[in-house]
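Peer 1: coordinates for the following, if possible.
(chains A and B)
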Amino acid sequence: MNLALLLDMAADAFGERLAVSCGGHGLSYAALRRAAHAAARQLAGGRFAHAALLDTNGLAPPVALFASAYAGVPYVPLNYRLTSAELEGLLRRVAPAWLVSPRAQLARLALPANVTPADPSALVAAAPLTEELAPEPSSDPGAIAIQLFTSGTTGTPKAAVLRHENIMAYVLGSVEFGAAGAEEAALVAVPPYHIAGISAVLSSTYCGRRIVMLPSFEPAEWLRLLGQERVTHAFVVPTMLVRIMDCLAQVPGRTSFPALRAIAYGGGRMPLAVIERALRVFPGVDFTNAYGLTETSATVCLLSPEDHRAAAASPDPQVRRRLGSVGKPLPSVEVQVRDAAGTVLSQQQSGMVFVRGAQVAGEYRGVGSLLDAAGWFATQDRGWVDAEGYLFLEGRADDLIVRGGENISPGEIEEVLLAHPAVADAVVVAVPSDQWGEAVGAVVVVRSGTTTSAEALQEWVRARLRSSRVPERVLFRSELPYNEMGKIPRRLVREELLSQD
Amino acid sequence: MRVIKPGLRLKSAVCSTEVMVIRAPAGEAQLSCGGVEMLAIGESPSAATPPDPAHAQGSLIGKRYVDAEERFELLCTKGGEGSLSLNGASLTVKQAKALPSSD
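Peer 2: Residues are numbered from 1 along each chain as shown, chains lettered A, B, ... in the order given. Purely as a prediction, here's the structure:
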């Protein structure tokens, strides 16, 4: 079992279809395979322990991904937003390595001696030139396919390991081969070093949906490509969706995208106000919430388009709140919620979310498997399941605020703050408290043209939640420190709140 | 008869069909295509024979094939003229449950 099979099947069944395009250039499935074969011949033979990539979205990442699979060398896409020193540190960990990266990126690095650079454009240019076959890919399902360095906010990044059997379980279990119509196109705006950027390539290849690569997300360019490329499907993180809708609001007349059918979102918590707005801004579009982690080979739970519509239209608050849920597990995945002692909790009770299934890798280099004896993986997300089996997430276990022995999830307070008319954005973290151990702190962005005060927001929260939820400290900022995947490093927020003393 | 386990890839002895095992209970079984037992990917057929007309309804790339109890599941990775059977009983196409695209 090797993920190269996905491309082999696509190239055999619809080889002349366009697989991926970027900036006016493109590769068919057959050309993508030829380019991957040519690159695999450079890679194979035991010289390299890893095939690394340091590049933005384009034609080269899919070539490098499949070349690694053909050559049986783990693929390691790196985050180009890291500092030179951080990247050099990671390269030393993966050496001896092949490194696909443009000259502009390489220029800022002191490459370790046993790292061999390869030019992305040469990789792509090989597509029409070669007919030689790659070595027969390894059939060991337990071989490592992909290694992703997690964006850990403290200490050394951990290397999450995904084996061919994990990735293939996800793709084969969730995507129907060749199901996409010839007119379908998926716009990929998440970076190639993120699990969502990788799964987009694999799923699109297997279903035969052309990928339109956006090298670096920018809302106006995303909207331009949507029209120009007649995009039918897109994946975004919640912050991208907000920026897209803000951009759209400033361009009168550009509100209709007849080709667009579906937007999937994930990679961070979707505020209720944002998804409600999105359903109004894109009325005919199917929205899907996809919840997953690097360690689970992407999506494990889905809130389907039908769920979105039913929730949005329902007068029943129990149904309506499902707009804020991540939906139900994939047919091949199981979900459990456990308390701190490991007892499996019943519905409506909040605890740590565990997942199980063949796609769940739950493994780090040098650490080993974190699955328990029965195969369950602790996601480090807290949540609960409702009476119909919908999973609701409350936030990362680390982000939980423990105030006088009471567990408080930042998400519920953020949701209430975001519902205030003068609040454009908000993040809630734990701050130290002499009286309670921890207390609630909030950083708020005020909507332009409006004003509010700490006291007014505290009163707003007090009127809607228990008094323990009222932020003790409120700080106003012009923006929140999102990273490129739409996540806020809460440690930075906490430090900023504390530095105000 | 051979040990059938997930990940195992086999090819037809009589046509272009290839399959990968997705699910199988422990133990041995006889997987056939076109009425003739399938081969490991590296093996060569002993003689060039056409598929048995009783087992020539074809196999389709990308389809999943299951036995009546759905204990075995195969993914057809290359289509061909022969049809698939397990221990003499025909395998049928598993109806896929459509999931919305999540990436």
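
Peer 1: enumerate the residues of chain B near chain A.
Peer 2: Taking Cβ under 8 Å from any Cβ of the partner chain, the part of chain B that reaches chain A is made up of B:6-7, B:9, B:20, B:22, B:41, B:61-63, B:75, B:77-78, B:96-103. Where you see a C-beta, it was placed from the backbone N, CA and C, and this is true even at glycine.

Peer 1: now do the strands in chain B.
Peer 2: Per DSSP state E, chain B carries strands over the ranges B:2-3, B:9-11, B:18-23, B:28-29, B:31-33, B:36-37, B:39-40, B:64-66, B:73-78, B:84-86, B:89-90, B:92-93.

Peer 1: secondary structure element for the residue of the stretch 201-350 of chain A found nearest chain B?
Peer 2: With Cβ to the nearest Cβ, the shortest gap between the stretch 201-350 of chain A and chain B falls at A:Ala290, namely 3.7 Å. Element membership of A:Ala290 [criterion: DSSP states H and E] is strand A:286-293.

Peer 1: again, but for A:Val493
Peer 2: Here A:Val493 is assigned to helix A:490-498, by DSSP H and E.

Peer 1: again, but for A:Ala200
Peer 2: With elements delineated by DSSP H and E, A:Ala200 resides in helix A:195-207, which encompasses its position.

Peer 1: ok, now A:Arg33?
Peer 2: Here A:Arg33, judged by DSSP H and E, is contained in helix A:29-43.

Peer 1: wait, does that helix make contact with chain B?
Peer 2: No: judged by Cβ under 8 Å from any Cβ, helix A:29-43 stays clear of chain B, getting no closer than 12.9 Å.

Peer 1: which intervals of chain B have sub-threshold pLDDT?
Peer 2: Across chain B, nothing is flagged by pLDDT under 70.

Peer 1: tell me the spacing between the closest residue to chain A within it and A:Tyr482.
Peer 2: Residue nearest to chain A within chain B (Cβ to the nearest Cβ): B:Gly62, separated by 2.7 Å. Noted for B:Gly62: a distance of 39 Å to A:Tyr482, by Cβ to Cβ, to the nearest Å.

Peer 1: with neighbour numbers in mind, choose between those two.
Peer 2: B:Gly62 (23 against 18; other Cβ atoms under 10 Å in any protein chain shown).

Peer 1: I'd guessed the more buried one sits against A:Ala10; true?
Peer 2: No: with contact defined as Cβ atoms under 8 Å, B:Gly62 does not reach A:Ala10; the gap is 9.3 Å.

Peer 1: now the common contact residues for these two.
Peer 2: Here B:Gly62 and A:Ala10 have A:Gly178 as joint contacts, going by Cβ atoms under 8 Å, 6 or more residues apart in numbering or on different chains.

Peer 1: how big is the angle separating the helix or strand hosting A:Ala64 from helix A:29-43?
Peer 2: When secondary structure is defined by DSSP H and E, A:Ala64 falls within helix A:60-71. Computed by axes from the mean of the first three to the mean of the last three Cα atoms, to 10 degrees, the angle separating helix A:60-71 from helix A:29-43 equals 60 degrees.

Peer 1: contacting residues around the next helix or strand after helix A:60-71?
Peer 2: Counting by DSSP H and E, the element after helix A:60-71 in chain order, helix or strand, is strand A:75-77. Contacts of strand A:75-77 from elsewhere in the structure, counted by Cβ under 8 Å, 6+ apart, are A:50-54, A:61, A:64-65, A:68-69, A:94, A:97, A:145-149, A:192-193, A:197-198.

Peer 1: any idea how far the helix holding A:Arg33 is from the chain center?
Peer 2: 27 Å (Cα atoms, centre = their mean, to the nearest Å).

Peer 1: picking up where we left off before, could you dump the strands of chain B into TSV with mean neighbour count added?
Peer 2: Conversion of the strands of chain B to TSV gives the following (neighbours: other Cβ atoms under 10 Å in any protein chain shown):
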stretch	mean neighbour count
strand B:2-3	12
strand B:9-11	21
strand B:18-23	21
strand B:28-29	12
strand B:31-33	27
strand B:36-37	17
strand B:39-40	14
strand B:64-66	21
strand B:73-78	22
strand B:84-86	24
strand B:89-90	12
strand B:92-93	14
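
Peer 1: great, nothing more from me.
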